[in-house]
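Novice: With the sequence up front, the predicted model follows.
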Amino acid sequence: MAERTGEMVRGGLSLGEVERLLAAHEATVRPRLDLMWRYYRNPLTLSRDSNACGSRAAGYNVGQRSGLPSRLIGRAGAGLDDRARTREIVIENDIAWRIHTMVDFMFGKPVRLVSTARDEATRTRIERMLDAVWEGSGGIALLQDMALLGHVYGHVDLVLRVDEARLRTLAGTADAADPWHVRECIRVEVIEPTRGVPVMTDGEWRELAAYVIHAEREGGNEQERRGPIGEWLESWRRGKAHRPEAGATGTGAIGAGVTEVIEGTSLHVYVDGELVEERELSLTGGRVPVVHVQNVAQPFRYGGLSEVEPLIPLQDELNTRLSDRASRVTLQSFKMYLAKGIEGFETMPVGPGQIWSTDNPDASVAAFGGDASSPSEESHIREVRDAMDKTSGVPPLATGVVQGRVGNLSSANALKITLVGLLAKTERKRVSYGRGLEEMSRLVLTALDAAGVMETDPRDRSLRLVWPDPLPTDVVDETLAAKRKIELGVPTTRVLDELGYEASDPGVV
C-alpha cells in the first residue's frame, strides 16, 4: 500500500489513510453507485413545486426524470418554461423488472451446499453446520439480497462476523456439536458497495489488505441501524462499549459517522473519529474475513459488470420517446373546428343531432386535429425495447408476458430455446456467485476449526453447489432421466444430489 503517515491504527492502517479512502470513495465511486441505484429503484420523492413533473400527476418527482432532455424538463437551475410545463412526462421503469427476473432465475430456489470431504460422517457434519450458519444469517433472503446488490452495483461483499470469545467457550462442550448453538456466534453479512471500501495489496487487485465499512449517523438504512454498527453505536451511547486505554482514541479525522476498519488480525470501530471498540481477529488465519463477489467478471478490476449500467442510455431514450408521444397525443387527440361566415358559431354546441344554418354561401366549417398515425414513432419505441431485451438478455416472456406468436411452447426444450440468452447469462453468473458462497463457507469452516468447535482437515473443506433448474420441471421427465443415469452407471448418491434429495429422505428407494 501507499506510505502511511499520521496516527496509526493498530495493524498498520493510518487514520489519515482511512480518511483519504473514504473521501475518494465519496467523490468518485459513490456518485456512480447512487446513479445506478436511482435508475433501478426510480424512487418517488415529493416536490414543493406543484408543476415539478410537468404532468397532471404533479407534486412528486421520480429518479429517472433527471435523464430526460432539457426541452422536456427545462435547463438545470433555470426551472421550467411555459412550454415545458405543458408537456406530459412519462416514466416507464424497464430496468427494475429485468433485474428482479435475473435475481429470480439466480436464487428463486434454495441452493444446496454439498461437502466433498473424504469421510461420510465428516460430510454430514459439515453440511449440517453450514446449513445452520447460512440459515441463521438469512438463508435464501440473504442470497437474494446479495444477488440484487450485485446485479445493480456490479459487485457485492460478504463479511464474516464472529463472536470469538463466545465461540471459544463452546469448544469442548456438548453444545459445540449442535449447529443451532454455533450459529448464534457466527454469521454472514452482506455489505453494499456504497458502504464498503476495499484496501487492496500493492500489485495484487485480488488480495485485500484491509476493508473499511462506513455508515452515516443520520439517515442510515435499516441494516445500518440494526446491524453490528448500530449495536456498537447504542452500547457506546450507554457507556457499555469497551474503551481502549488512554492515548488510543482517534483525532476525528475520519469524520461524522460510524466506521469499521477490518484487517487480517484486528477490528477497530470509530464513532465520529473516536475509537470506541477494538478487537483481535484470530480465527481466520490472518486473512481479512471478507469475500468479494463480482456479478459478471471484469478482468483486472475489483468491481464487476453491472446489469443496470448498459441500460441507462436506452432507458433515457425510451422515456424521452414516451414523453414525446404523450405530448403529441395530448395535442392531437381532440378534433378542433375552424368556422368561416357563421355568426355566433362560438356559442353553438358541437354534438350529435346539432344543426348549423347560415345564409352565407361562402361559409365553411373545417375540422382538424385528431390522433394521426405515426408509424415511425411506434417503430422507434419498439426498437428501443428490443435493444433493452438484447442488452439485458431478459425478454418479456421471462415474466410470463406472451406477445404475438412465439411458437410452440408446449415443451420445456422449446421454452429453454426461447430463453437461451437469460439461461446462458445465469449459468455464467453462477460461477462467480458460487465461488463466493464456497469461499465464505470455507472461511466459516476455518474459523470453527481454529476455535476448536469443529475440527476439519483443509482438504475436507471443499464444497460443491447444486443449483436448481430455474424453469419449471416435469416430475415424470426428471424421474425418467434419473433412472436412465442410474442404468448407465452413474452413482445413485450423485443422481439424488442433482435432484435435491438424500438417500435418507422418506420415499427414496
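Specialist: Ah, there it is.

Novice: tell me the SS of Ala210?
Specialist: strand (DSSP: H, G, I helix; E, B strand; the rest coil).

Novice: Looking at strand pairing, list the partners for the nearest residue to Val290 once chain neighbours are set aside.
Specialist: Closest residue in space to Val290, ignoring its immediate chain neighbours: Tyr211 at 4.7 Å, by C-beta to C-beta, 6 or more residues apart in numbering. Where C-beta positions appear, they are placed from N, C-alpha and C, glycine not excepted. Beta-bridge partners for Tyr211, by DSSP bridges, are Pro198, Ile262.

Novice: these two touch, right, Tyr211 and Gly196?
Specialist: Yes. With contact defined as C-beta atoms under 8 Å, Tyr211 and Gly196 form a contacting pair (6.5 Å).

Novice: any shared contact partners between these two?
Specialist: 157, 290 (C-beta atoms under 8 Å, 6 or more residues apart in numbering).

Novice: which residue sits farthest out from the middle of this protein?
Specialist: Most distant residue from the mean C-alpha position of the chain: Asp359, 73.1 Å away (C-alpha atoms, centre = their mean).

Novice: residues contacting it?
Specialist: Asp359 is in contact with no residue at all, counting by C-beta under 8 Å, 6+ apart.

Novice: Wait, a strand at it?
Specialist: No. Counting by three-state DSSP, Asp359 is not part of a strand but coil.

Novice: could you pull out the strands for the stretch 301-450 of the chain?
Specialist: Along the stretch 301-450 of the chain, the segments classed as strands by DSSP state E, counting those that start in this stretch run 335-340, 364-369.

Novice: Name the SS class of the nearest residue to Gly434 once chain neighbours are set aside, please.
Specialist: Once flanking residues are discounted, Gly434 sits nearest to Leu465: 4.8 Å by C-beta to C-beta, 6+ apart. What three-state DSSP gives for Leu465 is strand.

Novice: Could you count how many residues lie near the residue nearest to Val290?
Specialist: By other C-beta atoms under 10 Å, the residues close to Tyr211 number 22.

Novice: Could I get the pLDDT score of it?
Specialist: If you check Tyr211, the pLDDT there is 94.

Novice: what separates it from Val90, distance-wise?
Specialist: According to C-beta to C-beta, to the nearest Å, Tyr211 and Val90 sit 43 Å apart.

Novice: try Leu113
Specialist: Distance of Leu113 to Val90, given as C-beta to C-beta: 46 Å.

Novice: Let me know which of the strands of the stretch 301-450 of the chain is the nearest to Glu135.
Specialist: Closest approach to Glu135 among the strands of the stretch 301-450 of the chain (C-beta to C-beta): strand 364-369, 63.8 Å.

Novice: Determine the set of other helices and strands touching that closest one.
Specialist: strand 335-340 (3 or more C-beta pairs under 8 Å, 6 or more residues apart in numbering; DSSP states H and E).

Novice: which of the residues in the strand it packs on are buried?
Specialist: Neighbour counts using 16 or more other C-beta atoms under 10 Å place Ala339 of strand 335-340 among the buried residues.

Novice: Export that strand to PDB, keeping only CA atoms.
Specialist: The C-alpha coordinates for strand 335-340 follow below in PDB (Å, rounded to 0.1, in the frame of the first residue of the first chain):
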ATOM      1  CA  LYS A 335     -60.800  17.400 -33.100                       C
ATOM      2  CA  MET A 336     -61.000  21.200 -33.500                       C
ATOM      3  CA  TYR A 337     -63.100  23.300 -35.900                       C
ATOM      4  CA  LEU A 338     -62.400  26.400 -37.900                       C
ATOM      5  CA  ALA A 339     -65.700  28.100 -38.900                       C
ATOM      6  CA  LYS A 340     -66.000  30.800 -41.500                       C
END
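
Novice: got the angle between that strand and strand 364-369?
Specialist: Computed by axes from the mean of the first three to the mean of the last three C-alpha atoms, to 10 degrees, the angle separating strand 335-340 from strand 364-369 equals 160 degrees.

Novice: Over to Val453. Which of the three states is it?
Specialist: coil.

Novice: count of neighbours near it?
Specialist: Number of residues near Val453 (other C-beta under 10 Å) recorded here: 24.
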